[in-house]
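Q: Output the structure for:
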Amino acid sequence: MTDRRIVMLGLMAGMSGLAAASRTAPAAASVSESDAQAAIDSFLDALFSGDPAKADRVLAPEFQILRSDGKSYDKMSYLGALPNHKVRPAISSLKSTGHGGIIVTSYSITTEQTIGGQPVEAVAPRLSVFRKEGDRWLIVAHANFAQIG
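A: As a prediction, the model looks like this:
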């Protein structure tokens, strides 16, 4: 009997703690589609330029990319392995979520590019994570699902 009472008291205490926490939790900050579009555009514009200095300005220090061939790069190694775009990529099927200064985006791009001298699949999905620093969005993580070669 005592064991049941202790369990019930524990459950009631946990439920009231959960209710209190949900009342004090901050509301999720909404992220507009224009914020997401601006973040992606700054990244793609820097890549399209082909200039490592421009790319450096939009990559967060903790940046990582993972490509469909399994190769991953941190910020410094990626700056030495930038893709070569022949046309400015076009974005479609944009979905974004965010909270505070973080945006997570999934989208497809249509482009004509090479990576390491190999042609890249023209239309493929991407996943990018950005964080706000001051008045600009820095890309933290990126997954490129386009087949290479």
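
Q: What strand or helix carries the spatially closest residue to V58 that is not a sequence neighbour?
A: Once flanking residues are discounted, V58 sits nearest to A46: 4.7 Å by CB to CB, 6 or more residues apart in numbering. Backbone N, C-alpha and C define where each C-beta goes, glycine included. Assigned by DSSP states H and E, A46 falls within helix 33-49.

Q: Any buried residues in that helix, and which?
A: 35-36, 39-44, 46-48 (16 or more other CB atoms under 10 Å).

Q: Throw the residues you listed into CSV and include pLDDT and distance to D74, thanks.
A: Shown next, in CSV, are these (pLDDT from 0 to 100; distance: CB to CB, whole Å):
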residue, pLDDT, distance to D74
D35, 92, 26
A36, 94, 24
A39, 96, 20
I40, 96, 21
D41, 96, 23
S42, 96, 20
F43, 96, 16
L44, 95, 20
A46, 96, 17
L47, 94, 16
F48, 94, 22
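
Q: of all those, which comes closest to T105?
A: Nearest to T105 out of those is A36 (CB to CB; 5.1 Å).

Q: Test my guess that that closest one contacts L94.
A: Yes. With contact defined as CB atoms under 8 Å, A36 counts as touching L94 (6.3 Å).

Q: shared neighbours, these two?
A: T105 (CB atoms under 8 Å, 6 or more residues apart in numbering).

Q: contacting residues for F43?
A: Contacts of F43 by CB under 8 Å, 6+ apart are 58, 128, 130, 139, 142.
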